[in-house]
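>>> I would like to see how this sequence folds:
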Amino acid sequence: MRRSAFLAGLTLLLALPAACGGKSEQVSGQPLAGAAKLHLVRIASFSSPVYVTSPPGDASRVFVVEQAGRIMLVKNGRKLNTPFLDIRGDVQAGGERGLLSVAFPPDYSHSGRFYVYYTDKSGNIRLREFKRSSNPDRADLGSRRQVLFQDHSQFPNHNGGQLEFGPDGYLYVGLGDGGSAGDPSNHAQSLNTLLGKILRIDPRASGGRAYTIPASNPFARRRGARGEIYAYGLRNPWRFSFDRSTGDLAIADVGQDKFEEIDFARKGKAAGANYGWKSYEGFQRYSSQPLNGHAVRPVLVRPHSQGFCAIIGGYVVRDRSLGSLYGRYVYGDNCNPGIYSVKLRSGRASGGRTLRFRVQGLSSFGQDARGRIYLASLSGQLYRLAA
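Numbering: from 1, shown residues only. The predicted structure is shown next:
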């Protein structure tokens, strides 16, 4: 099995291809015009931070997910010493495993519900609901409720890890293909497993069910298919995001041996999409595995020959203070310390540029309630992009 993408000595590892026929997007070494004033503001240090987010409408709090099983708070620019949530006793952390994401629903301000995605002590994936305590800076550990369980005990890699509420108010969940190399069980192309997919669910308990499947899901009424599936043919969609202005979806899918890719769909157009793995890696054929339908081509592919190994998806910038970066998608890589931006379009990304700063060991981007962009490094540093 190929060595995992995150480098030896670091706590988190992602893993590496995905696919279809065409040219890689070549990113110019020329800096983005007007970007000379852009810089990184150091916020605080954490233990292996892997995700950053804020609840809707909360301009004072930023939540930082630590891989070992804690969620820490930055409140009004200051890191709090007491964790918002500490479930280290439930989490198996190391390699690609750990507490990987948190998401706050649109009604968080009054419901207090939130959701976490982690690997348990047996290596399986759990999606759980918690509630905020009477102290808004602390979670209520006794409120835990299991929403979704996925067996992942066979291999330790390709755990996925992203949770994100979409513009429709439903929870989107990114799962990897189950691990090893080359998707040996062909999970990504199979519609009867959740592995290698992005799911779309209503995570609230209802009628004795832990969650419900929206009737509008593309496979909700298809016999032999899991109704939770929204998009498939993914290897390890470590980070994906919705454009807060348009609702468009960008998926950064970690590749195998040669290519990293970004997939893109206009609002609602990813429903039922097959992104090609393991028939394709980037634009190229990876295996003779037949496709389950038609493969949607990535809009951007970055080759490992350019130093890429595990793509880290970011956001379309909607912070107007960042000037010429506004409206552009930012992304990076765990091995290549460069930070890049492109214009996302249907069919192909364009206008690739390189920002002037670098981040070693990038693990995730983040976005707060005001649309400000953060970058987390496995070295422990959390930065905010500023002008």
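
>>> my read: Ser350 touches Ser341, true?
No: using Cβ atoms under 8 Å, Ser350 makes no contact with Ser341, being 11.2 Å away. C-beta here means a position set from N, CA and C on the backbone, and glycine is covered the same way.

>>> Give me the more crowded residue out of these two.
Neighbour totals were compared for Ser350 and Ser341, and Ser341 leads with 24 against 12 (other Cβ atoms under 10 Å).

>>> so what strands line up beside the helix or strand encompassing that one?
Assigned by DSSP states H and E, Ser341 belongs to strand 338-343. Sheet partners assigned to strand 338-343 using DSSP bridges are listed as strand 329-333 (antiparallel), strand 350-358 (antiparallel).

>>> Can I get these in JSON lines including distance to Gly233?
Output for the strands paired with strand 338-343, formatted as JSON lines (distance: least, Cβ to Cβ, whole Å):
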{"stretch": "strand 329-333", "distance to Gly233": "20"}
{"stretch": "strand 350-358", "distance to Gly233": "24"}
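
>>> Let me know which of those is the nearest to Thr246.
strand 329-333 (11.5 Å; Cβ to Cβ).

>>> So which residues make contact with that closest one?
Contacts of strand 329-333 with the rest of the structure, by Cβ atoms under 8 Å, 6 or more residues apart in numbering, involve 250, 252, 260, 262, 302, 307-317, 338-344, 349, 355, 359, 362, 365, 373, 375, 385.

>>> now stretch 213-231
Contacts for stretch 213-231 (Cβ under 8 Å, 6+ apart): 170, 172-173, 191-194, 197-202, 251, 270-275.

>>> Inside strands: which ones of the residues you listed?
172-173, 197-201, 251 (DSSP state E).

>>> what's the closest of the residues you listed to Ser47?
Val173 (24.8 Å).

>>> Could you double-check that that closest one sits in contact with Asn159?
No: counting by Cβ under 8 Å, Val173 does not reach Asn159; the two are 11.7 Å apart.

>>> could you pull out the helices for the stretch 251-387 of the chain?
Assigned by DSSP state H, counting those that start in this stretch, the stretch 251-387 of the chain shows no helices.

>>> Tell me where the model's unsure across it.
Counting by pLDDT under 70, the stretch 251-387 of the chain contains no low-confidence range.

>>> Report how many residues lie close to the nearest residue to Ser60 once chain neighbours are set aside.
Nearest residue to Ser60, sequence neighbours excluded (Cβ to Cβ, 6 or more residues apart in numbering): Asn76, at 5.2 Å. Asn76: 9 surrounding residues under other Cβ under 10 Å.

>>> what does the one 4 residues further on give?
By the measure other Cβ under 10 Å, the count of residues near Leu80 is 15.

>>> Could you shift the numbering so residue one becomes 15, and keep it that way?
Yep, numbering from 15; the last one is Leu94 now.

>>> Quick check: closest non-adjacent residue to it.
Leu94's closest residue in space is Leu87 (Cβ to Cβ, 6+ apart), at 4.4 Å.

>>> Run me through the strand neighbours of the helix or strand containing that neighbour, direction for each.
Element membership for Leu87, per DSSP H and E: strand 84-89. Using DSSP bridges, the strands paired with strand 84-89 are strand 75-80 (antiparallel), strand 92-93 (antiparallel), strand 99-100 (antiparallel).

>>> Give the buried residues for it.
84-88 (16 or more other Cβ atoms under 10 Å).

>>> thinking again about what came up before, point out the one among the strands paired with strand 352-357 that comes closest to Arg280.
strand 343-347 (13.7 Å).

>>> one step back: farthest pair in the ones in strands among the contacts of stretch 227-245?
Ile215 and Ile265 (17.3 Å).

>>> Compare those two and say which one has the larger neighbour count.
Ile265 (27 against 21).

>>> and the more buried one, how far is that from Leu87?
The gap separating Ile265 from Leu87 is 28 Å, by Cβ to Cβ, to the nearest Å.

>>> got it, and Gly361?
41 Å.

>>> filter the contacts of strand 343-347 to the buried ones?
Among the contacts of strand 343-347, the ones that count as buried by 16+ other Cβ under 10 Å are 264, 266, 274, 276, 316, 322-331, 352-356, 358, 363, 369, 373, 376, 379, 387, 389, 399.

>>> what sits against the residue most central in space within the chain?
Nearest residue to the geometric centre of the chain (Cα atoms, centre = their mean): Arg253, 1.7 Å. Arg253 makes contact with 176, 188, 266, 326-328, 378-379, according to Cβ under 8 Å, 6+ apart.

>>> Now do the strands in the stretch 115-264 of the chain.
Taking DSSP state E, counting those that start in this stretch to define them, one finds strands in the stretch 115-264 of the chain at 127-133, 139-146, 153-164, 177-179, 185-189, 211-215, 243-246, 253-256, 263-267.

>>> Relative to the fifth one, what are the paired strands and their orientations?
Partner strands for strand 185-189, per DSSP bridges, with pairing direction: strand 177-179 (antiparallel), strand 211-215 (antiparallel).

>>> What average pLDDT does the first one get?
Summarised as a single mean, pLDDT over strand 177-179 is 98.

>>> mind listing what Val373 touches?
54, 346, 351, 353, 389, 391, 397.

>>> Neighbouring strands - and their directions - for the helix or strand the first one falls within?
Leu54 belongs to strand 53-59 when elements are defined using DSSP H and E. The strands beside strand 53-59 in its sheet (DSSP bridges) come out as strand 395-400 (antiparallel).

>>> what about Leu114, how many neighbours?
Count around Leu114 with other Cβ under 10 Å applied: 27.

>>> okay but it is in contact with Glu80, surely?
No: the criterion here is Cβ under 8 Å, and Leu114 misses it with Glu80 at 10.5 Å.

>>> Pro351 touches Thr368, doesn't it?
No: between Pro351 and Thr368 there is no contact under Cβ under 8 Å: 11.0 Å.

>>> and the gap between Ser302 and Ser194?
18 Å.

>>> circling back: extract the C-alpha set from the strand holding Ser355 and format it as PDB.
In PDB, the C-alpha atoms belonging to strand 352-357 read as follows (Å, rounded to 0.1, in the frame of the first residue of the first chain):
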ATOM      1  CA  GLY A 352       2.300  26.900  -1.600                       C
ATOM      2  CA  ILE A 353      -1.100  28.600  -1.300                       C
ATOM      3  CA  TYR A 354      -3.000  28.900  -4.500                       C
ATOM      4  CA  SER A 355      -6.200  30.500  -5.900                       C
ATOM      5  CA  VAL A 356      -8.300  30.000  -9.000                       C
ATOM      6  CA  LYS A 357     -11.600  31.100 -10.500                       C
END
